[in-house]
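> quick one: sequence plus predicted model below, questions after.
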Amino acid sequence: MGEVINNLEKINSISKYPTSLLKKIFENVSEGIMITDKHKKIEMVNPAFEFVTGYKGDEVMGKTPAVLQSGVHELSFYLTMWEKIRQEGIWQGEIWNRRKTGDVYPEWLTIVSITNDIGEITNYCGIFTDLSERKIVENELEKRLLTDSLTDVSNRFAYIERMDSLLESSSTISHSIQHAVYFLDLDRFKQINDTLGHAVGDTILKEAAKRIQTLLKNKDIIARYGGDEFIVTLTNVKNVREAAKFAEQIIGIIEQPMNINGQDIFISTSIGISMYPVDGVTSEQLITCSDKAMTYSKKNGLNGYSFYFDELQTDSQRVLLLDSELRRAIENREFELHFQPKITVENEHIQGLEALVRWHNERLGFVSPAEFIPYAEETGLIIPLSEVILEKACEAVIKLQQFGRKIPIAINISSIHFKQQNFLESIQAILERYNTSANNFEIEVTERTVMNSAAETVSKLVRLKQLGFKISIDDFGTGYSSLSYLVRFPLDCLKIDRSFIQHITSLDEKQAVVDAIIQMSHRLKMKVVAEGVEQAQQVDILRKMNCDIIQGYYYSKPLPLPELLEYMEYWEIEHQGRK
């Protein structure tokens, strides 16, 4: 109350100053000033009032301040305001008014009552400051505090704040509700930063955020968690299957090539998923679980996703689950083949396809071949698994032929399966069952498989050739690379491992090794396939080296059969008439 009395005393003391001084101040202060009579009819306004409100003085003279009312405040707001002025002689606070243009704006308003010597109210004076700019600045500052400056999505602090709010409201809902939290880490991002520079890395992060946003609904949340990590919350998911489908959508949209500075760059992402409320009821618990699942996913093969579940806590429990799920999947043939085209360098013809197995499991999510193939080899499950893969390949051959496509499919054969005594008989039986010829297939074996140059190994390879299979050495350069077996075995093709191809544009010694392998293979009447080709520069170098066939993301990722058929049709149209 003392502060109010002091303010009133200051206002009343103004009368001591010359009128010219008061007029100068009145006309030049940046605050809007409005003076009314005791009946609240406007008598005078200053230029700042006219500038802020858009009303000229003669437009408001004789009217009440109600002409500025925004409609934002209830009647009770104004009744309380004028009651305080009546009791204390002053009111101040934030109020929303309306400009002549119709725009609503915030202002800081002070209204004082002016009295004469006997205490009668003669006038009211309103002094206000337009808060629009300050509000814009405050909102911008708040946005900057809660937004990642590079990608323009939320940062981790804003994400946690929004998650806390979401989970609080979810906990009060009587019916069951589920949310899925996705922790994403871009694969090989450090390598891209190191080789192509941070500017390209920043562009990739911005593009990744933009692509993910296209998949989201209004209530879903995305944030850049830090570095090359993103976190997404998919709200109100119906079940685990829907959550898995969304992870596949993220992987699919991220792996589309990014054209940066005229160069196609391929990136992939590893994803961990946790489910509310099964895996946690707080933001911290859900983030921790999805992070652990992401780490597991990345460790066991890139470009995939894994759900968090209790079995992730210990390796032994994970192995038990993997074993039971893998056995069930083999029995029910729950695998899918994707096919990566192999393109001839000379005339850009689709020369063949490599079949690559994929496994999506309801409990484990996407299980990388880097995890389940080695486990299948350890347990002997690789033999029935390989038979399922060959059966699926036979089905693909039949489907391709129905569409008029006769093209060989390469199948990777495990050394354990190859060494089985009934290996030849088992694959012959499958071919007969599907009434399919061996000349539709190419058998890919690794160096380690054939390094044992025992008579039995030679005999099996010769027998495969006689049946009509083509034979390729896969991952050449990673094993013993002995010239002796290349001469001894009936090989059609040699595949140079991707580890050599990745560095041929930057390391001269890698380029020299690749060149030597190609020249040697040609002398031995073998074709050469370069796998893992991702850049146009790599294609140019390989063309100059007279490499025969190219396989890699530069031309296509591995595709499921329906997409492959579309790709082949598109390829023919694009390359029609080319030599």
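Arrived safely. Since the structure is predicted, the reported quantities are computational estimates derived from the model, not experimental observations.
> quick one: the strands in the stretch 201-350 of the chain?
Here the stretch 201-350 of the chain has its strands, by DSSP state E, counting those that start in this stretch, at 221-226, 229-234, 258-260, 263-265, 269-276, 305-307, 336-344, 350-361.
> among those strands, show me which one is buried the most.
Among the strands of the stretch 201-350 of the chain, strand 305-307 has the highest mean neighbour count (mean count of other Cβ atoms under 10 Å), at a mean of 28. C-betas here are computed from N, CA, C, even on glycine.
> partners of that one in the sheet?
strand 269-276 (parallel) (DSSP bridges).
> now the helix ranked longest in the chain against strand 336-344, angle please.
The single longest helix within the chain, with elements called by DSSP state H, is helix 382-402. Angle of helix 382-402 versus strand 336-344, following axes from the mean of the first three to the mean of the last three Cα atoms, to 10 degrees, is 60 degrees.
> quick one: distance of helix 382-402 to the chain centre.
On the basis of Cα atoms, centre = their mean, to the nearest Å, helix 382-402 is displaced by 33 Å from the centre of the chain it belongs to.
> so the residue in the chain sticking out farthest from the centre: helix, strand or coil?
What lies farthest from the middle of the chain is Ile118; by Cα atoms, centre = their mean that is 74.3 Å. Counting by DSSP: H, G, I helix; E, B strand; the rest coil, the backbone at Ile118 sits in coil.
> before we move on, what about Arg543?
helix.
> let's number from 23 now, not from 1
In the new count, where the first residue is 23, that last one comes out as Arg565.
> do you know how far it is from Gly554?
16 Å (Cβ to Cβ, to the nearest Å).
> which one's more surrounded, these two?
Gly554 (18 against 12; other Cβ atoms under 10 Å).
> any chance of the backbone angles for the closest residue to the more buried one other than its chain neighbours?
Spatial nearest neighbour of Gly554, chain neighbours left out: Arg520 (2.5 Å); criterion: Cβ to Cβ, 6 or more residues apart in numbering. Arg520 adopts backbone torsions of phi -60, psi -30, taken as degrees, to the nearest 10.
> quick one, what contacts Arg520?
Applying Cβ atoms under 8 Å, 6 or more residues apart in numbering to Arg520 gives the contacts Glu553, Gly554, Gly574.
> do Val126 as well
Counting by Cβ under 8 Å, 6+ apart, Val126 has contacts Ser92, Gly93, Val94, Trp118, Asn119, Arg120.
> next: Ser312.
Val203, Tyr204, Phe205, Ile253, Gly294, Ile295, Ser296, Asp301, Tyr330.
> any weak-confidence spans in the protein?
Residues of the chain that meet the criterion pLDDT under 70 lie in 23-41, 43-44, 155-167, 195-197, 332-340, 473-476, 499-507, 598-601.
> quick one, helices of the stretch 73-222 of the chain?
Along the stretch 73-222 of the chain, counting by DSSP state H, counting those that start in this stretch, helices occupy 79-82, 97-110, 154-168, 178-193, 211-218, 220-235.
> now do the fourth one: distance to the chain's middle.
Per Cα atoms, centre = their mean, the displacement of helix 178-193 from the mean C-alpha position of its chain is 20 Å.
> buried residues of it, list them for me.
Arg178, Ala180, Tyr181, Ile182, Arg184, Met185, Leu188, Leu189, Ser192 (16 or more other Cβ atoms under 10 Å).
> show me what contacts the second one?
Ala180 makes contact with Leu168, Thr169, Ala245 under the criterion Cβ under 8 Å, 6+ apart.
> any buried residues in stretch 484-496, and which?
For stretch 484-496, the buried set under the neighbour-count rule, 16+ other Cβ under 10 Å, comprises Leu486, Lys487, Leu489, Phe491, Lys492, Ile493, Ser494, Ile495, Asp496.
> tell me which of those fall in helices.
Filtering the buried residues of stretch 484-496 for helices - DSSP H - leaves Leu486, Lys487, Leu489.
> on that earlier part again, the strands of the stretch 223-372 of the chain: which one's closest to Tyr589?
Across the strands of the stretch 223-372 of the chain, Tyr589 has its closest neighbour in strand 358-366 (7.1 Å, Cβ to Cβ).
> where does Ser448 sit: helix, strand or coil?
Strictly by three-state DSSP, Ser448 counts as helix.
> burial of it, as a residue count?
Neighbour tally, Ser448, other Cβ under 10 Å: 16.
> how much space between the closest residue to it other than its chain neighbours and Pro396?
Leaving aside its chain neighbours, Ser448 sits nearest to Glu409 (6.3 Å; criterion: Cβ to Cβ, 6+ apart). From Glu409 across to Pro396, the span is 18 Å (Cβ to Cβ).
> neighbour-wise, which of those two wins?
It is Glu409, of Glu409 and Pro396, that has more neighbours when counted by other Cβ under 10 Å, with 17 against 13.
> any idea how far the more buried one lies from Cys569?
With distances taken as Cβ to Cβ, Glu409 is found 33 Å from Cys569.
> can you pull the contacts of Thr123?
Gly76.
> look up how far Tyr77 lies from it.
Taking Cβ to Cβ, one finds Thr123 at 10 Å from Tyr77.
> repeat that for Ala398.
Distance from Ala398 to Tyr77, by Cβ to Cβ: 81 Å.
> same check, this time on Val67
Per Cβ to Cβ, Val67 is found 8 Å from Tyr77.
> of those two, who's got more company?
Neighbour totals were compared for Val67 and Tyr77, and Val67 leads with 23 against 19 (other Cβ under 10 Å).
> what does that one show for phi and psi?
phi -140, psi 160.
> does it touch Met56 like I think?
Yes. Counting by Cβ atoms under 8 Å, Val67 does reach Met56; the two are 5.1 Å apart.
> can you give me the strands for the stretch 423-572 of the chain?
Per DSSP E, counting those that start in this stretch, the stretch 423-572 of the chain carries strands over the ranges 431-434, 463-468, 492-498, 515-518, 549-553, 571-573.
> can you put the ones you listed in TSV and add distance to Cys416?
Shown next, in TSV, are those (distance: least, Cβ to Cβ, whole Å):
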stretch	distance to Cys416
strand 431-434	9
strand 463-468	9
strand 492-498	16
strand 515-518	21
strand 549-553	23
strand 571-573	22
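> and Thr144, what does it touch?
Thr144 touches Asp59, Lys60, Ile136, Thr137, Asn138, counting by Cβ under 8 Å, 6+ apart.
> distance of Asp125 relative to Leu348?
Separation of Asp125 from Leu348 (Cβ to Cβ) stands at 66 Å.
> okay, those two: which has more neighbours?
Shown here are Asp125 and Leu348; by other Cβ under 10 Å, Leu348 has more neighbours (22 against 11).
> need the contact list for that one.
Leu348 neighbours (Cβ under 8 Å, 6+ apart): Phe394, Tyr397, Ala398, Leu403, Leu407.
> so the last one sits against Glu353, correct?
The reference is to Leu407. No. Assessed by Cβ under 8 Å, Leu407 is found out of contact with Glu353, at 10.7 Å.
> of the two, who's got more company?
Neighbour totals were compared for Leu407 and Glu353, and Leu407 leads with 24 against 10 (other Cβ under 10 Å).
> so the nearest residue to that one once chain neighbours are set aside is in which element?
Excluding the flanking residues, the one nearest Leu407 by Cβ to Cβ, 6+ apart is Ala398, at 5.0 Å. In this structure, Ala398 sits in helix 391-401 according to DSSP states H and E.
> tell me what that helix is packed against?
The contact analysis (3 or more Cβ pairs under 8 Å, 6 or more residues apart in numbering; DSSP states H and E) places helix 391-401 against helix 337-354, strand 372-383, helix 404-424.
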